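Visitor: Need the 3D shape of this:
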Amino acid sequence: MIRVKKAKVLYYMKRILPFGLIWLVLSWFILLIEAMATGHENHRPDTDITVTWDIFLFASLAVFVVGIAMGAVEVLWLGKLFKSKGFGLKIFYKTGFYLIFMLIINLVTYPLAASIELNTSLFDDLVLTKLSNYLGSLTFLSTMVSLTFSIFVSLLYAGISEHLGHDVLLNFFSGKYHAPKEESRIFMFVDMQSSTSLAEKLGHQAYFKFLRDYYNQLSDAIIQFRGEVYQYIGDEIVITWQEQKGLKDQNCLHCFLAMKQGLEKKRPYFEKTYGVSPSFRAGLHAGNVTTGEIGALKKEIFFTGDVLNVTARIQKLCKTFNKELIVSGRLATLLSTMGGLTLQPLGTMELEGRQEPVSLFTPDFN
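Guide: Reported below is the predicted structural model:
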């Protein structure tokens, strides 16, 4: 349980922290523009806060905390609340909500900044008078416009991150894979059982909702055991790990188990809603891939290498051997060094399109 909470906390921290950084950078940029426009002088002392180093540090900290607060609200609550809405409607509704949220914060932080500037009590008449002047000034209007811009940029980032994937977006920004590089990775191909008959039975609209619930239920296990979703291909999901992350504490195997357990706990919901509960089979393999950005009209982080083809073929053999999970010999060797795992050999198979045979194993989780 502690491990589950730690993994989720780290995952959500990685998603929330960029909001604070976005707000901090934008605030510095806006402050720089204002300073250049005014020649570093306060032309409206009745409403504007004179920027000193104390004010600058306070403002930077306040803006960063506000960004983190917005990120937490967006990632943990509001983003999920509007998940089914279109991108444009999301931006519209959320901007309205966050403007009210930021107005309240503005009414709290402005008096604090004024009390620091005037070196007096927060409830001094000078502070209250300055706040009153501020609320009826162009400075207040320009502040709300700046906040609206920051909210829009943050929501734009959130929307793109949701569609591309947080790690993929960060890789694009950092340019990590702009030049192709070789990596050692573990891949797991997960394929839903009897998907064709399910689609026919449920109809395409109900089946789409079924798939969405199915993938949502698998997500916690993937987060918990440090996996990355590479692709959704119909009823198939491809999960990957950098080799060391996948091997550490046998994350790739525990991810499989956690996904099975998650679906089992949700079985009553699926049976009540759809009349059937999903199950899946999976293949696991490890090897070297070339990773890089690819695409002319649409950029993606793309993996190429024999390991993907082999993993896909291993997964298809699950039905032949009547096993829920089959692991390649190469990965089985790497996992066996971790200890505490029994692997049953299934023999050596020649895979279609590959000259060298592959040894196959299935883990004994009992």
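Visitor: would you list every one of the helices in the chain?
Guide: Secondary structure of the chain (DSSP state H): helices at 2-38, 53-73, 79-81, 87-118, 125-135, 138-164, 166-174, 195-202, 204-224, 243-247, 251-265, 267-274, 306-321, 329-336.
Visitor: If you average pLDDT over each of the ones you listed, which is lowest?
Guide: Of all the helices of the chain, the minimum mean pLDDT falls on helix 166-174 (a mean of 65).
Visitor: beta partners of the residue nearest to Gly329 when sequence neighbours are not counted?
Guide: Nearest residue to Gly329 in three dimensions, chain neighbours excluded: Ser359, at 3.2 Å (C-beta to C-beta, 6 or more residues apart in numbering). Using the backbone N, CA and C atoms, a C-beta is placed for each residue, glycine as well. Beta-bridge partners for Ser359, by DSSP bridges, are Thr348.
Visitor: Who are the contact partners of Ser359?
Guide: Shown in contact with Ser359 (C-beta atoms under 8 Å, 6 or more residues apart in numbering): 328-329, 332, 345, 347-348.
Visitor: Most neighbours among those residues, which one?
Guide: Using other C-beta atoms under 10 Å as the neighbour criterion, Ser328 leads the contacts of Ser359 with 24 neighbours.
Visitor: can you tell me which residues contact the nearest residue to that one once chain neighbours are set aside?
Guide: Of all residues not flanking Ser328 in the chain, His285 sits nearest, at 4.1 Å (C-beta to C-beta, 6+ apart). Residues near His285 by C-beta under 8 Å, 6+ apart: 186-187, 307, 310-311, 314, 327-328, 330-331.
Visitor: Check Asn288 too.
Guide: 182-185, 305, 307.
Visitor: try Leu218
Guide: By C-beta under 8 Å, 6+ apart, the contact list for Leu218 reads 190, 237, 259, 262-263.
Visitor: and which of the residues you listed is nearest to Lys90?
Guide: Ile237 (24.6 Å; C-beta to C-beta).
Visitor: Any idea how many residues pack against the closest one?
Guide: Neighbours around Ile237, by other C-beta under 10 Å: 25.
Visitor: Next: Leu81.
Guide: Counted with other C-beta under 10 Å, Leu81 comes out at 13.
Visitor: same deal with Gln205?
Guide: Neighbour tally, Gln205, other C-beta under 10 Å: 8.
Visitor: And Asn216, by the same measure?
Guide: 12.
Visitor: What's the separation between the residue nearest to Ser328 and Met259?
Guide: Distance, His285 to Met259, using C-beta to C-beta, to the nearest Å: 17 Å.
Visitor: about what we covered before: quick one, which of the helices of the chain gets closest to Asp46.
Guide: Closest of the helices of the chain to Asp46 is helix 125-135, at 4.9 Å (criterion: C-beta to C-beta).
Visitor: what sits against Phe270?
Guide: 210, 213, 263, 276-278.
Visitor: ok, now with 10 Å
Guide: Residues near Phe270 by C-beta atoms under 10 Å, 6 or more residues apart in numbering: 210, 213-214, 217, 263, 276-278.
Visitor: out of those residues, which one sits closest to Val51?
Guide: Proximity of the contacts of Phe270 to Val51 (C-beta to C-beta) peaks at Gln217, which lies at 50.5 Å.
Visitor: isn't that closest one right up against Leu263?
Guide: Yes - contact criterion C-beta atoms under 10 Å: Gln217 and Leu263 qualify, at 5.9 Å.
Visitor: list residues touching both of the two?
Guide: 270, 278.
Visitor: Near the residue nearest to Leu89 when sequence neighbours are not counted, how many other residues are there?
Guide: Nearest residue to Leu89, sequence neighbours excluded (C-beta to C-beta, 6+ apart): Phe82, at 7.5 Å. Around Phe82 there are 18 other residues, counting by other C-beta under 10 Å.
Visitor: Thanks a lot, catch you later.
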